[in-house]
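Peer 1: Everything below, folded, please.
(one chain, ligands or ions: 1)
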Amino acid sequence: MKVITVKNQLEGGKIGYQLLKEAMENGAKVLGLATGSTPVEFYNQVVNSNLDFSEMTSVNLDEYVGLDGSNDQSYRYFMNKHLFDEKPFKENFLPNGKAADLDAETKHYDEIIVAHPIDWQILGIGQNGHIGFNEPGTSTDITTHVVDLTESTIKANARFFENENDVPRQAISMGLATIMKSKQIVLMAYGKEKAEAVKGMVEGKVTIDLPASILQTRENVTVIADEDAASLL
Ligand code: GLP
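Peer 2: Model prediction:
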């Protein structure tokens, strides 16, 4: 696991952009994308670049159950706003949070990923070490699944909603096994509230209690962390 320490999110976003550009020059065609506050500056860099995505496919990590793309808290809405409206792709896939049959939707999403293996995956990290919405305790063998969000994740994500009660209690997320199949992974972490999780991910023992620690077991992982997030390393 290579760790790059940066001053702030702007510098991190620029490095992330450079890594993406190199990956695309080397033939990456399918991008695994993430939401949350962490990748926002990275997407700004991409939007303001001359990179062309018209032949690219994207597959997002996760979506809240019960929200459709017109809801401004849905991850589909976030992706349209921060990237897709500005940079059209050939195809954009996100789980359908409004699917009537959620189990069928998870299977369908797995099929999409099998048909579009991820070349380059961007990740954030939750304060409890989750990646995507793979909460502590999640099996490392799991593919796309429906998740009951933990209280700590609901609280952490409440800042984006008017009221904590509005935060959906479930999400559809790519599983750890799905994420581990991507050829290259770039994880970004900013702020001191991520410092414990970053320490556990980089230096702790590999444990399902801190899902991101599984990344220690594979090649081609780059962590971009600001000084606060890297402060316990
Ligand atoms: C959410 C998302 C994750 C994200 C994490 C951190 O729960 N499902 O993909 O990495 O929160 O969010 P933020 O970047 O806003 O700190």
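Peer 1: Where does residue 95 sit, in terms of helix or strand?
Peer 2: Secondary structure assignment for residue 95, by DSSP states H and E: no helix or strand.
Peer 1: And residue 76, by the same measure?
Peer 2: When secondary structure is defined using DSSP H and E, the element that contains residue 76 is helix 75-79.
Peer 1: Quick one: list the elements packing against that helix.
Peer 2: Under the contact definition 3 or more Cβ pairs under 8 Å, 6 or more residues apart in numbering; DSSP states H and E, helix 75-79 sits against strand 57-60, strand 62-64. For every residue, glycine as well, the C-beta is placed using N, CA and C.
Peer 1: taking the ones you listed together, which one is wrapped up most tightly?
Peer 2: Between the helices and strands packed on helix 75-79, strand 62-64 has the highest mean count of neighbours, a mean of 25, where neighbours are mean count of other Cβ atoms under 10 Å.
Peer 1: Could you list the residues in contact with the lowest-mean-pLDDT helix or strand in the chain?
Peer 2: The weakest-scoring helix or strand in the chain, judged by mean pLDDT, DSSP states H and E, is helix 151-157 (a mean of 90). Helix 151-157 is contacted from outside by 126-128, 130, 133, 135, 149, 164, 167, 169, using Cβ atoms under 8 Å, 6 or more residues apart in numbering.
Peer 1: For the helix or strand immediately after it in the chain, C-alpha coordinates in PDB please.
Peer 2: Following helix 151-157 in sequence order, the next helix or strand is strand 170-173 (DSSP H and E). Extracted as PDB, the C-alpha positions of strand 170-173 are listed here (Å, rounded to 0.1, in the frame of the first residue of the first chain):
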ATOM      1  CA  GLN A 170     -30.300   0.900   4.100                       C
ATOM      2  CA  ALA A 171     -28.100   1.000   1.000                       C
ATOM      3  CA  ILE A 172     -27.100  -1.200  -1.900                       C
ATOM      4  CA  SER A 173     -23.300  -1.600  -2.000                       C
END
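Peer 1: any residues touching strand 170-173, and which ones?
Peer 2: The set of residues external to strand 170-173 that reach it, using Cβ under 8 Å, 6+ apart, is 61-66, 95-97, 99, 102, 105-106, 109, 132-134, 144-149.
Peer 1: hang on, the earlier thing: okay if I get the contacts of helix 151-157 as a markdown table plus neighbour count, pLDDT and distance to the ligand?
Peer 2: Written out in a markdown table, the entries for those read as follows (neighbours: other Cβ atoms under 10 Å; pLDDT from 0 to 100; distance: Cβ to the nearest ligand atom, whole Å):
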| residue | neighbour count | pLDDT | distance to the ligand |
| --- | --- | --- | --- |
| 126 | 26 | 94 | 5 |
| 127 | 15 | 93 | 8 |
| 128 | 19 | 94 | 10 |
| 130 | 25 | 95 | 6 |
| 133 | 26 | 94 | 5 |
| 135 | 21 | 93 | 9 |
| 149 | 22 | 93 | 8 |
| 164 | 12 | 93 | 14 |
| 167 | 18 | 94 | 10 |
| 169 | 12 | 96 | 13 |
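Peer 1: Poorly predicted segments of the chain, please.
Peer 2: Low-confidence regions of the chain, defined by pLDDT under 70, are absent; no residue qualifies.
Peer 1: got a list of what residue 158 touches?
Peer 2: Under the criterion of Cβ under 8 Å, 6+ apart, the neighbours of residue 158 are 164, 167.
Peer 1: any idea how far residue 207 is from the residue of the chain positioned farthest from its centre?
Peer 2: Centroid-distance maximum for the chain: residue 100 at 24.3 Å, with Cα atoms, centre = their mean. Residue 100 sits 36 Å away from residue 207, going by Cβ to Cβ, to the nearest Å.
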